[in-house]
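A.B. asks: Whatever this is, show me its structure:
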Amino acid sequence: MRRTMLFSGLLVAGLIGLAGCGKDDAAAGAGAGGPPGGEMQLPVETVTLKPQALTAGLQTVGSLRADESVVVRPEIAGRIQRIHFTEGGRVAAGQALFTLDGSLAQASLNEASANLANSRAAAARAGQLVGEKLIARADYDRTRAALGVDQARVASARTALSKMTLRAPFSGQIGLREVSVGEFVNAGQDLVTMVRLDPIEVDFSIPESALAQLRNGQKLTLTVDAFPADTFGGQIVAIDPVVDANSRSAKVRAQIPNPDGRLRPGQFAKLQLDTGTDSADALLVPEQALMQDGDTRFVYTVVDGKAKKTVIKTGARVPGLVQVVEGLKAGDVVITAGQAKPMMHEGVGVMSLPPPGAAAPAAGTQPPAAGASPNAAPKAAPATEKQAETAK
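C.D. replies: A predicted model of the protein is given here:
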């Protein structure tokens, strides 16, 4: 019995001691600037917003295409008799490119021409006879019909002969031929590609939210990897009236002067469109700070050491940054890393960490509180009891 009472007394004393320690720890945490009740703080990275100059515009990418492009193909089968161009050179509209063997077509034209001459003579005699009422009117009509048939046959034979010579449909640059002299080609077979490079065109897509910022004749600039130091200017010539239901974007086509032919179809291009909405005091946040819930965009800001969900509206985009046109103001502290963690929610305590690559705080200093300026002078750490006694 006495032993049981002694054990109970020791247990009660231990619990009282633990309770006292808990109060001391809580008080120490509160005195050190920690959250009330020793709440855990979520480490995050932040940025303090300040007005910046913004050269607005839309940035996107596209592919160059020829203003005109055609694959030359024969309409009639035949054997190639002559090639009139040099591969990779320039040709003028109407210039002969290929000549096929036209001996059979020429023979057909000669035959049709002879029949036509005979029909014309017969029609002339029939006209005289019907005037003298020596033949029936029906015989004269048949003679005139035969003349018309022979005229059509001559026109058909002449057209077939003309198709034995393939000509350039427009002025431009010729590619590499696929055939040689003496080769027999079929109707519709690819012979050579021809393009017009000046002006050259660029096709690209823009999101439907940016459609209101575009118009025909709007200026743009582009760069290509082949000439990284050069910038080429042009303008929009067509905007597709239909928005793609899958990508929610519209196709746009622009023309770029290309007198020296340096730009080639198929090249990858980076484009900058001038929207004329420059601003000297824009608020820009890093792209990684943006969060999305359906159609709602928001960021987490830091207010009194706690995270706050703030709905925003965005504007122009520049590399790595997005303009905020509504929801934030200069001086707001925006969380840029850590906001996507599962434990992040409205009102959670946060602790700002220096960005990657920043110098580590010196010994005896504390990291700045959430939202504090990174340039603020660090506070000295509280002196320990032993140090205080030595100072005395």
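A.B. asks: got a list of what Ser156 touches?
C.D. replies: Residues in contact with Ser156, defined by CB atoms under 8 Å, 6 or more residues apart in numbering, are Ala112. Glycine gets a C-beta too; all of them are placed from N, C-alpha and C.
A.B. asks: What values do phi and psi take at it?
C.D. replies: phi -70, psi -40 (degrees, to the nearest 10).
A.B. asks: what about it, distance to Lys306?
C.D. replies: 88 Å (CB to CB, to the nearest Å).
A.B. asks: ditto for Gly78
C.D. replies: Distance of Gly78 to Lys306, computed by CB to CB: 84 Å.
A.B. asks: now Asn186
C.D. replies: Distance from Asn186 to Lys306, by CB to CB: 77 Å.
A.B. asks: do the same with Ala121
C.D. replies: 108 Å.
A.B. asks: which of those two has more neighbours?
C.D. replies: Legend: neighbour count by other CB atoms under 10 Å for Ala121 and Lys306, higher for Lys306 (18 against 11).
A.B. asks: For that one, give me its contacts.
C.D. replies: 347-350.
A.B. asks: Name whatever forms a beta bridge with it.
C.D. replies: Val303, Gly349 (DSSP bridges).
A.B. asks: Give me the pLDDT for it.
C.D. replies: Model confidence at Lys306, given as pLDDT, is 84.
A.B. asks: now Lys392
C.D. replies: pLDDT, Lys392: 39.
A.B. asks: Over to Thr159?
C.D. replies: Reported pLDDT for Thr159: 93.
A.B. asks: now swap in Gln292 and tell me
C.D. replies: Reported pLDDT for Gln292: 83.
A.B. asks: what residues are up against it?
C.D. replies: Phe298 are the contacts of Gln292 under CB under 8 Å, 6+ apart.
A.B. asks: rerun that using 6 Å as the cut-off
C.D. replies: Taking CB atoms under 6 Å, 6 or more residues apart in numbering, we find Gln292 in contact with no residue.
A.B. asks: The nearest residue to Val44 once chain neighbours are set aside: how many residues sit nearby?
C.D. replies: Excluding its sequence neighbours, the residue lying closest to Val44 (CB to CB, 6 or more residues apart in numbering) is Gly338, at 3.5 Å. Per other CB under 10 Å, the neighbour tally for Gly338 reads 19.
A.B. asks: any idea how far Gly338 is from Lys308?
C.D. replies: From Gly338 to Lys308 the distance is 14 Å (CB to CB).
A.B. asks: Which of the helices or strands spans the residue nearest to the spatial centre of the chain?
C.D. replies: What sits nearest the mean C-alpha location of the chain, by CA atoms, centre = their mean, is Val61, with 3.7 Å. Using DSSP states H and E, Val61 maps to strand 58-72.
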